[in-house]
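**Q** Have a look at this fold, sequence not included:
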C-alpha cells in the first residue's frame, strides 16, 4: 500500500507544480498587455499629457490588427496595423489637446467612448472570423525543461521584448539628452520653450509614441492573447494600465512589476476555479478591478509622495505666447 500512496503523492505534487507553472506563465502573458499599454501612457505623462483614451485606442487597434491578420494571414502585419491605428487616434487626440487646448480629460474620455463604439461597429463582420493557427514559440532546450520551461520559455516573443522595452525606456528617460528634454517638457514646458525646444511637437511625438504602444497592446490581445474578435474584449485593461502609471510612480521598471502583479490577480480567478475553490465567479471576476481601487486608495493616502514623483505640468495646457 505504501508504494501506490507514494506514487499518488508524487503525482499530486507534480500536478500542483504544473498548475503553478501555468499560473506563472499566464501571469506573464496577461501582464504583458498591461505593461505595454502602461508604458505608452507613461511616455504621454512624462511629457505632461494625460490620455484617458487608452481603452478606446486599444479596442480600435485590436479590430485593426484582427482584420489585417484575417485578410493577409500575417501576424506581424497585424501588430503593425494595431500600432498604426493607435498612433493615428493618438495624433488626433494630440492635435486637439496640444494645439486647440481642449480639456485633456474630457477629450480622452471622448476618445475612449468613440473607440468603444467604432470598434464595435467595424467589428460586426469579424465576430465569427477565424485567424490562422498562432505560431508556437519555445526557447531551444530551455522550453523543454519540466515545469520551468512551460512557465518561462514558451511565450510569444513580445513578452520578452516588453522586458527589453522597459530597460530601453529607463535608459532613454534617464541616460539620454532626448529623455531629459522630454522630462523637462513635462516638468516645466515654459522653461523648455524659453530654451528653444519645440514643446508642442515634442508632446505630439510623445503622444503618438504612447498611442502606438497602446495600439500594440490592443493588437496583442486580439491576435495572440485571445485570438478572436469580441466586442469590448479589452475589458477595462486600458483603465487598469492608466492606474498603473500612478501605482508605479511614473517609473518604467515599477510599471512592469505592477503589470505582472495585476496580471497575476487577473489569472488568479481562473486558477482558483480550476483548483475547485468555492467562490462565486462574479466575485473572482471583480478581483483585478478591486485590486486597482485598493492600490489607488492606498497610494492616495500620501499625496505629498505622489506630487514628488508626478510630472509637475501633468494635465496642464501650454500656451507658447504666454
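**A** In hand now; what should we look at? In this text, all values refer to a predicted model and were calculated from it rather than measured experimentally.

**Q** Phi and psi next, for residue 136.
**A** When quoted as degrees, to the nearest 10, the phi and psi of residue 136 stand at phi -90, psi 140.

**Q** whoops, residue 249 was the one
**A** phi 50, psi 40.

**Q** Might one say that it is in contact with residue 311?
**A** No - judged on CB atoms under 8 Å, residue 249 makes no contact with residue 311 at a distance of 11.0 Å. For the C-beta atoms, the positions are set from N, CA and C on the backbone; glycine is no exception.

**Q** between these two, who's got more neighbours?
**A** Set residue 249 next to residue 311 and count neighbours by other CB atoms under 10 Å: residue 311 wins out with 21 against 15.

**Q** for this structure, which spans come out with low pLDDT?
**A** 1-19, 273-281, 284, 300, 305, 321-322 (pLDDT under 70).

**Q** switch to 90 and redo it
**A** Where the chain drops to pLDDT under 90, the residues are 1-27, 128, 132-155, 235-236, 243, 246-249, 258, 261-310, 319-322.

**Q** all helices for it, in order.
**A** Secondary structure of the chain (DSSP state H): helices located at 2-46, 54-72, 75-94, 104-122, 148-152, 157-175, 177-187, 189-194, 199-220, 237-247, 252-274, 281-300, 303-309.

**Q** buried stuff in stretch 239-254?
**A** 239-248, 250-252, 254 (16 or more other CB atoms under 10 Å).

**Q** And the contacts of that stretch?
**A** Stretch 239-254 is contacted from outside by 34, 37-42, 45-46, 52, 54-55, 166, 169-170, 173, 214, 217, 255, 257-259, 262, 288-289, 292, 295-296, 299, 305-306, 309-311, using CB atoms under 8 Å, 6 or more residues apart in numbering.

**Q** From the chain's centre, how far out is that stretch? Work that out for me.
**A** Centroid displacement of stretch 239-254 relative to its chain, using CA atoms, centre = their mean, to the nearest Å, is 10 Å.

**Q** same check, this time on stretch 112-130
**A** On CA atoms, centre = their mean, the centre of stretch 112-130 falls 20 Å from that of its chain.
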